[in-house]
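**Q** With the sequence up front, the predicted model follows.
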Amino acid sequence: MEVAMLRVSPPIYINRYIMMTKQKSFRRVGLLLTGCLLAIVVGGCKDKGRIVEPKEGPAHLLIPQQEWNLGTVSLEDGTIQRDVLMINEGSEPLVIDSVEPFCVCIRAEYPERPIRPGHGGRLKVFLNIGAVPSGEFVRSVMVHSNGGSVEVALTGERN
């Protein structure tokens, strides 16, 4: 006696679930491969971010633009911010010890971490226009580091 086997296909929602699961697996594998490739590329770029070729010797602080002319400003301008590029030209890490303002109207934020040889950091200088008297002005901060001291000045005219 022969038994006839009936083949019953699973309901359609089970087929959809299986297809979606396979698609998610392929996406995960694709993301994993993309992540691995990215890690290899980034890992091979150890000197990424280098601005200058470091010179032999101790750390040396270089600030390419030491004076910023703000032009004519008014009270409505409030607080003005300038981002100042600091570069370490030496072959040892550059540590910013302090930033000394010459007026209560100016303040600065500087990186706490050392700046690697050949790389740069950002000094943020803030000038409160309300505390500056009318007329021409020069307000500055002195940056002290293990690579020397440099003065950064903001100039302009207040209405």
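**A** That came in fine, so what should we check first? Numbering: from 1, shown residues only.
**Q** Do you have the strands of the protein handy? List them.
**A** 61-62, 67-73, 79-88, 96-101, 106-109, 120-128, 135-145, 148-158 (DSSP state E).
**Q** Could I get the average pLDDT for stretch 96-112?
**A** When pLDDT is averaged along stretch 96-112, the result is 96.
**Q** if we look at it, which residues are touching it?
**A** Under the criterion C-beta atoms under 8 Å, 6 or more residues apart in numbering, residues 86, 115, 121-132, 139-146, 152, 154 lie in contact with stretch 96-112. In short, each C-beta sits where N, CA and C put it, glycine included.
**Q** buried ones in stretch 107-122?
**A** Residues of stretch 107-122 classed as buried by neighbour count (16 or more other C-beta atoms under 10 Å): Ala108, Tyr110, Pro114, Ile115, Arg116, Pro117, Gly118, His119, Gly120, Gly121.
**Q** any idea of the pLDDT on the spatially closest residue to Pro133 that is not a sequence neighbour?
**A** In space, and not counting its chain neighbours, Pro133 is closest to Arg158: 7.1 Å by C-beta to C-beta, 6 or more residues apart in numbering. Looking at Arg158, its pLDDT reads 95.
**Q** if I look at Arg158, how far off is Glu151?
**A** Separation of Arg158 from Glu151 (C-beta to C-beta, to the nearest Å): 21 Å.
**Q** Who has more neighbours out of those two?
**A** Neighbours per residue (other C-beta atoms under 10 Å) separate Arg158 from Glu151, with Arg158 holding more: 17 against 13.
**Q** Does the more buried one touch Phe137 like I think?
**A** Yes. Between Arg158 and Phe137 there is a contact under C-beta atoms under 8 Å: 6.2 Å.
**Q** still on that earlier bit, pick out whichever of the buried residues of stretch 107-122 sits closest to Arg50.
**A** Closest approach between those and Arg50, by C-beta to C-beta: Gly118, at 4.3 Å.
**Q** residues in contact with the closest one?
**A** Asp47, Arg50, Ile51, Val52, Glu53, Pro54, Asn88, Glu89.
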